[in-house]
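K.L.:
Whatever this is, show me its structure:
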Amino acid sequence: MTVVVVLEGALPGHFTVAVSPLAELAACLHVLTEHDHHADRAPWAERVVRDAPEEFRAGLRRFSPLWAALRWRGFYTGLAPAAPPGGGGTAPPGGGTVPGGPNTAAGGGSTAASGGGGVAAPAAGVRSSAPARLSLDAFAELTAYSCASGYLGFAFDRLLHEPRQAAALRHAASGLPEPHLALAEDLLRRPRELRAEVLDFLDLCRPVFFGELWARTEPLLARAAHRMRQRLADDGPATALGSLSPSGQGPAGGGPLRVVFDKVHHAVITPVRTPVLLIPTLYGAPHLIVKNEPGLSPVVHFPVGAPVVGVTLARRRMLALTDPRRVRLCRLIARQSMTTADLAQRLSMTRPQVSRHLRALRDLGLVRTERHGRYVLYGLDVPAVERIGRDVATALQF
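P.N.:
The predicted structure follows:
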């Protein structure tokens, strides 16, 4: 499935770039919960969890559905994009939160680096941030989607008032690993207390680890946001958005200008109608998250430095090595570089057959060539083959 960003008529001003401490906090909490998804961050995550107080470890387990498979939209509330060129605008996310903020620039595709366009910086505390200003019904709706780990087929806009919506949430959460159901039950039985407890936990993250981490991370994210604004202005939205993902694709067959992201859900985003918010992340890598809930501003939370290999190329590389003849060829050129003639003789194949296999492997970046006089030698790019497993894992998570 794909997320399609239709860029027909879109200008740089239809995109807002913001740096958000709450969005980065969500990415960090995901790493702390899912060590195996982020091997390079695992030592840091293990150290933080080991040294943290029991209150923090308990909250990390209890509230994990908010940053697991479906990221809680509350981390992105209050980050309203600037109004598009020519007026108009979008409804503030989260049902009544304050769009923008003291550091938000109207238009031009840029917002503040540290304040995140209305999201309180860590020093101010979560209690003064946009999630704290969510109405109880809005909090319940956004939290229910995370407890159900999806949007399709669900309506939770009257969760606290409609028994059928409550029953649907219980049914959906019961099919997911704990603590999804436990969190859903807390939401249904004591929503006001749960909201206060979530905010308390997010505030606790600051002294435990996030205050110091944000001081180091914010300048790096600010520079990444500046680069994205420059790219939007200099190269245009298609090139800027295409750079966010190795699977980003442009129009095919003369169709409308668009960028396509290979994701596990389908969505169509039209920035001309609803301006898009772009948020860089360091600790969220390799995940690229697209939030496109109905009635809310679309958000693309993108890793600084997209993976080199997308899921399509990783899959093609794996399939290339399922052919037994191709595997035999790779075993030969892994030992030493060889010519097409030598390979044809050893493999009992014709030279054109060998050439076709070599061309396929070379196009996938698995074979290197070197010329010696009038001979062309082919060798296996062993480091590229060694990376296939890691690339597949990264591409599947992106």
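K.L.:
contacts, neighbours, all on C-alpha from now
P.N.:
Fine.
K.L.:
For V260, grab phi and psi.
P.N.:
Dihedral angles of V260 (phi, psi; degrees, to the nearest 10) stand at phi -120, psi 130.
K.L.:
got it, and L366?
P.N.:
Per degrees, to the nearest 10, the backbone of L366 is at phi -100, psi -10.
K.L.:
need the contact list for the residue lying closest to it once chain neighbours are set aside.
P.N.:
Nearest residue to L366, sequence neighbours excluded (C-alpha to C-alpha, 6 or more residues apart in numbering): D381, at 5.2 Å. By C-alpha atoms under 8 Å, 6 or more residues apart in numbering, the residues touching D381 are A334, G365, L366, V367, R368.
K.L.:
Can I get the buried part of those as one ChimeraX selection?
P.N.:
This is how ChimeraX selects the buried members of the contacts of D381, with burial counted by 16 or more other C-alpha atoms under 10 Å:
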select :334,366,367,368
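K.L.:
Now intersect the contacts of D381 with the helices, please.
P.N.:
Applying DSSP state H to those, the entries found in helices are A334.
K.L.:
Just put the contacts of D381 in TSV and tack on pLDDT and distance to V272.
P.N.:
Output for these, formatted as TSV (pLDDT from 0 to 100; distance: C-alpha to C-alpha, whole Å):
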residue	pLDDT	distance to V272
A334	89	51
G365	89	38
L366	91	41
V367	93	44
R368	92	44
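K.L.:
Looking at the contacts of D381, which two lie furthest apart in space?
P.N.:
A334 and G365 (14.2 Å; C-alpha to C-alpha).
K.L.:
surely R57 meets V49?
P.N.:
Yes. Contact criterion C-alpha atoms under 8 Å: R57 and V49 qualify, at 6.6 Å.
K.L.:
could you give the mean pLDDT of the longest helix along the chain?
P.N.:
If you go by DSSP H, the chain has its longest helix at helix 211-235. Mean pLDDT, computed over helix 211-235, is 95.
K.L.:
Which elements pack onto it?
P.N.:
strand 15-17, helix 237-242, strand 276-281 (3 or more C-alpha pairs under 8 Å, 6 or more residues apart in numbering; DSSP states H and E).
K.L.:
show me where pLDDT drops low in the stretch 101-250 of the chain?
P.N.:
Counting by pLDDT under 70, the ranges of the stretch 101-250 of the chain that qualify are 101-128, 246-250.
K.L.:
Tell me the one among the contacts of D381 nearest to L313.
P.N.:
G365 (9.8 Å).
K.L.:
Could you measure from the closest residue to the closest one other than its chain neighbours over to A314?
P.N.:
Ranked by C-alpha to C-alpha, 6+ apart and with sequence neighbours excluded, the top spatial neighbour of G365 is A384, at 7.2 Å. Here A384 is placed at a distance of 11 Å from A314 (C-alpha to C-alpha, to the nearest Å).
K.L.:
Doesn't E178 lie inside a helix?
P.N.:
No. Under DSSP: H, G, I helix; E, B strand; the rest coil, E178 sits outside any helix and is assigned coil.
K.L.:
which residues does it contact?
P.N.:
Contacts of E178 by C-alpha under 8 Å, 6+ apart: none found.
K.L.:
what about it, distance to V300?
P.N.:
E178 is 28 Å from V300, by C-alpha to C-alpha.
K.L.:
Hmm, R331 and G379 touching each other?
P.N.:
No. Using C-alpha under 8 Å as the test, G379 is too far from R331 to be in contact (9.9 Å).
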